[in-house]
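1. Fold the stuff below for me.
(chains A and B)
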Amino acid sequence: MKIAVASGKGGTGKTTVSTNLALSLDNVQYLDCDVEEPNSAIFLKPVIEEKLPVEIPVPVIDEEKCDYCRKCVKMCAFNALVVLGEKALFFPELCHGCGGCTWICPQKAITEQDRIIGTVEKGHAGKIEFIQGLLNVGEPMAPPIIKKQRSYIKDGKTVILDSPPGTSCPVIETIRETDFCALVTEPTPFGLNDLVLAVETVREIGVPFGVIINQHGIGDDAVDRYCNTEGIEILMRIPWDRRIAEAYSKGEPAVELFPEMKKDFQQVFSRIQDIVRQAA
Amino acid sequence: MKQLTIISGKGGTGKTTITSAFAHLAENSVLADSDVDAADLHLILEPEVKHQEPYSGGSVAVIDEQKCTGCGICVEKCRFDAIRNFKVDPISCEGCTFCTYVCPEGAIVMAPQISGNWFVSSTRAGTMVHAKLGIAEDNSGKLVSVVRQNAKEIAEKDRLDTVIIDGPPGIGCPVIASITGSDMVLVVTEPTLSGLHDMERVLDTAKHFKIPAMVCVNKYDINPENTEKIEVRCREKGVRVVGCLPYDKAVTQAMILKKSVAEHDCGEVTKAVVKMWREVRQILTADTASAGKA
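-> Now for the predicted structure:
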């Protein structure tokens, strides 16, 4: 089963929930899909066994063959190619690696070369199989890294995907085609606002979901009322506790500080299994 | 006219809390919310929309079932696995148009997408440019650029001193679009190992794009030891720490009351934010080239 942990708002506790859930269960494959700012390793402390580059195929223009016809320029939907006089220019950060320009060039002046945009790191944290993605600084596109991480997902494992914040492409790449999405929120106006956006996103993608309220007690009950009105199940409430915040700040998982919380996370997992079974 | 972008790397550190306070404290400024897929600044500033425009981020391919012969050439060429059962999945489709070229029946066309809207609004703290990205839409970086460009034009037209930009978390394309061409970034971090780790990467990102940076440590008293680590690290990198704000539940109360922490008295937090704004404003208006140096 694949469970994505997402949120909308940043800093609500996705990594807290993902890592503590992983530490409470067996047979886990953990994917840290927040490839721009991965933090799960701070808590799970994995031993990394393999580092694999993630590449996008990008065009290389042979200026000897190029006759500046601009067919590639006209085709490129991302404005990654420009011809100025007798100079063909390529902007790698804009390129999505679609291969169109290579195909269309009548002079066969374009070949493809792999460009590294990041890394996928694989290893183990105790019995947990750990896969983290890392986008290179200065690179704009996270989804190709997340795609590569997901290619290592194994059937029969409990797969936890720690999602990035927000609701745009990296989040969609993490949530799509999972069995369940746990949306972690905080009981504040920002938390509620972004939760509503996240709920709309998950509904659009079509994955069953539920809500986990973290830092329960710091704000008001508007999130509760929203979930009630919308018929959204609240799977768990984690109370705000300065001790949990301080442990978090030191890289200590909550279930290490409060081992009894493992039961709570196991109950959430059980409930998710029931929901997924019913949805099937 | 100077542009200041407030970013963080790690989410939830307090960017919008600080941006809304700066908005209140700054005279002659225009505000931009460039966190287009999870915008929150409007919850504090309560904008009145004066002008709205639709935004098209790109297009998606559409296959005409009547013309499609199921030859599969499009599936073979599509690098994004967007064509399944001869239907284009709009979520996977990146809009590259390659399939439209290879289809022998001309059965594929591109349909432009209205991927969101952007707005120019008035608030009690000045004009605000903001946006809402459509659900499950991509190309948020482009929409950020639209927001920023319009904010800049308003500042120039109205002869305002500052554009204050509330940035998104992370370091990818929406963040890059939020900082390129900006005069300064303020990185809001928190004294956690996650915050420290993410601060490194976001400072590296600012450096990569040659934008000077300053740092603020929010909720610093949750872990004074880590706060010290952040200060040491910033010194090593030649980055100035312009403020340390303590944790206070009053900040959430202010948010519920739709007030910035410069309007609602949050004790030491309010004092620290006012002091920080004075320092940031001084640095911004001074020589920007040397501004970020500790």
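2. drop to CA atoms for contacts and neighbour counts, all remaining ones
-> OK.
3. can you map out the helices along the stretch 51-200 of chain B?
-> B:73-77, B:98-102, B:140-157, B:173-179, B:193-208 (DSSP state H, counting those that start in this stretch).
4. now chain A
-> Taking DSSP state H as the test, the helices found in chain A are A:14-24, A:40-44, A:71-75, A:100-104, A:143-150, A:169-175, A:189-205, A:222-230, A:242-249, A:254-257, A:261-279.
5. Compare the ones you listed and give me the one nearest chain B.
-> helix A:242-249 (3.7 Å; C-alpha to the nearest C-alpha).
6. Could you name the helices and strands sitting against that closest one?
-> Helices and strands touching helix A:242-249, by 3 or more C-alpha pairs under 8 Å, 6 or more residues apart in numbering or on different chains; DSSP states H and E, are helix A:254-257, helix B:193-208.
7. and if we set it to 10 Å?
-> strand A:209-216, helix A:254-257, helix B:193-208 (3 or more C-alpha pairs under 10 Å, 6 or more residues apart in numbering or on different chains; DSSP states H and E).
8. coming back round to it: distance to residue B:35 and mean neighbour count added to the helices of chain A, as JSON lines?
-> Listed next are the helices of chain A as JSON lines, based on distance: least, C-alpha to C-alpha, whole Å; neighbours: other C-alpha atoms under 10 Å in any protein chain shown:
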{"stretch": "helix A:14-24", "distance to residue B:35": "19", "mean neighbour count": "23"}
{"stretch": "helix A:40-44", "distance to residue B:35": "24", "mean neighbour count": "21"}
{"stretch": "helix A:71-75", "distance to residue B:35": "30", "mean neighbour count": "17"}
{"stretch": "helix A:100-104", "distance to residue B:35": "32", "mean neighbour count": "21"}
{"stretch": "helix A:143-150", "distance to residue B:35": "18", "mean neighbour count": "21"}
{"stretch": "helix A:169-175", "distance to residue B:35": "14", "mean neighbour count": "25"}
{"stretch": "helix A:189-205", "distance to residue B:35": "11", "mean neighbour count": "21"}
{"stretch": "helix A:222-230", "distance to residue B:35": "21", "mean neighbour count": "14"}
{"stretch": "helix A:242-249", "distance to residue B:35": "25", "mean neighbour count": "17"}
{"stretch": "helix A:254-257", "distance to residue B:35": "30", "mean neighbour count": "17"}
{"stretch": "helix A:261-279", "distance to residue B:35": "31", "mean neighbour count": "16"}
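9. And these: which comes nearest residue B:105?
-> Checking these against residue B:105 by C-alpha to C-alpha gives helix A:100-104 as the closest, at 17.6 Å.
10. contacting residues for the residue nearest to residue A:268 when sequence neighbours are not counted?
-> Take residue A:268 and drop its neighbours on the chain: the residue closest to it by C-alpha to C-alpha, 6 or more residues apart in numbering or on different chains is residue A:235, 6.1 Å away. By C-alpha atoms under 10 Å, 6 or more residues apart in numbering or on different chains, the contact set of residue A:235 is A:182-184, A:209-213, A:264-265, A:267-269, A:271-272.
11. how about those residues, which pair is most distant?
-> Pairwise over these, using C-alpha to C-alpha, the maximum falls at A:209 and A:264, 17.8 Å.
12. Tell me, domain by domain, which residues of the chain belong where.
-> I'll assume chain A. A:2-27+A:156-279, A:55-116 (automatic domain parsing).
13. Please refer instead to chain B.
-> If you go by automatic domain parsing, chain B breaks into B:2-54+B:117-291, B:58-113.
14. Give the rounded mean pLDDT of stretch B:204-220.
-> Averaged across stretch B:204-220, the pLDDT comes to 97.
15. list the buried ones in it?
-> B:204-206, B:209, B:211-220 (16 or more other C-alpha atoms under 10 Å in any protein chain shown).
16. residue ranges for the strands of chain B, please.
-> Along chain B, the segments classed as strands by DSSP state E run B:2-7, B:29-33, B:48-55, B:58-63, B:83-84, B:87-88, B:108-113, B:116-123, B:126-133, B:162-166, B:184-189, B:213-218, B:240-245.
17. Now that we're looking at residue 237, what pLDDT does it have?
-> You didn't say which chain, so I picked chain A. 97.
18. wait, I meant chain B there
-> 96.
19. Can you verify my assumption that it contacts residue B:215?
-> No - contact criterion C-alpha atoms under 10 Å: residue B:237 and residue B:215 do not qualify, at 11.2 Å.
20. if I pick residue 157, what's in contact with it?
-> I went with chain A, as the question did not name one. A:1, A:2, A:26, A:27, A:28, A:29, A:30, A:129.
21. sorry, should have said chain B
-> Per C-alpha under 10 Å, 6+ apart, neighbours of residue B:157: residue B:151.
22. Where do the strands of the stretch 1-150 of chain A begin and end?
-> For the stretch 1-150 of chain A, applying DSSP state E, counting those that start in this stretch gives strands covering A:2-6, A:28-32, A:47-61, A:81-84, A:87-90, A:110-125, A:128-135.
23. of all these, which lies closest to chain B?
-> Short answer: strand A:128-135, nearest of the strands of the stretch 1-150 of chain A by C-alpha to the nearest C-alpha, at 8.1 Å.
24. what lines up beside that closest one in the sheet?
-> Under the criterion DSSP bridges, strand A:128-135 sits next to strand A:28-32 (parallel), strand A:110-125 (antiparallel) in its sheet.
25. can you redo the helices of the stretch 51-200 of chain B as CSV with distance to residue A:153?
-> Below are the helices of the stretch 51-200 of chain B laid out as CSV (distance: least, C-alpha to C-alpha, whole Å):
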stretch, distance to residue A:153
helix B:73-77, 23
helix B:98-102, 29
helix B:140-157, 28
helix B:173-179, 26
helix B:193-208, 25
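26. Looking at those, which one is packed in the most?
-> helix B:173-179 (a mean of 25; mean count of other C-alpha atoms under 10 Å in any protein chain shown).
27. which helices and strands does it pack with?
-> Using 3+ C-alpha pairs under 10 Å, 6+ apart, helix B:173-179 is in contact with strand B:2-7, helix B:140-157, strand B:162-166, helix B:193-208.
28. I'd like those as TSV, with distance to residue B:55 appended.
-> Putting the helices and strands packed on helix B:173-179 into TSV (distance: least, C-alpha to C-alpha, whole Å) gives the following:
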stretch	distance to residue B:55
strand B:2-7	22
helix B:140-157	7
strand B:162-166	19
helix B:193-208	27
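29. how about these, which one is nearest residue B:27?
-> That would be strand B:162-166 among the helices and strands packed on helix B:173-179, by C-alpha to C-alpha, at 8.5 Å.
30. Apart from its neighbours in sequence, what residue is nearest residue B:202?
-> residue B:9 (5.2 Å).
31. How much space separates residue A:46 from chain B?
-> 15 Å (C-alpha to the nearest C-alpha, to the nearest Å).
32. Give me the nearest residue to that residue, chain neighbours excluded.
-> In space, residue A:46 is closest to residue A:125, 4.0 Å off (C-alpha to C-alpha, 6+ apart).
33. again with residue A:77
-> residue B:96 (5.3 Å).
34. Give me the neighbour count for the one you found.
-> 25 (other C-alpha atoms under 10 Å in any protein chain shown).
35. Who are the contact partners of it?
-> Residue B:96 neighbours (C-alpha under 10 Å, 6+ apart): A:75-78, A:95-100, B:58-61, B:78-80, B:110.
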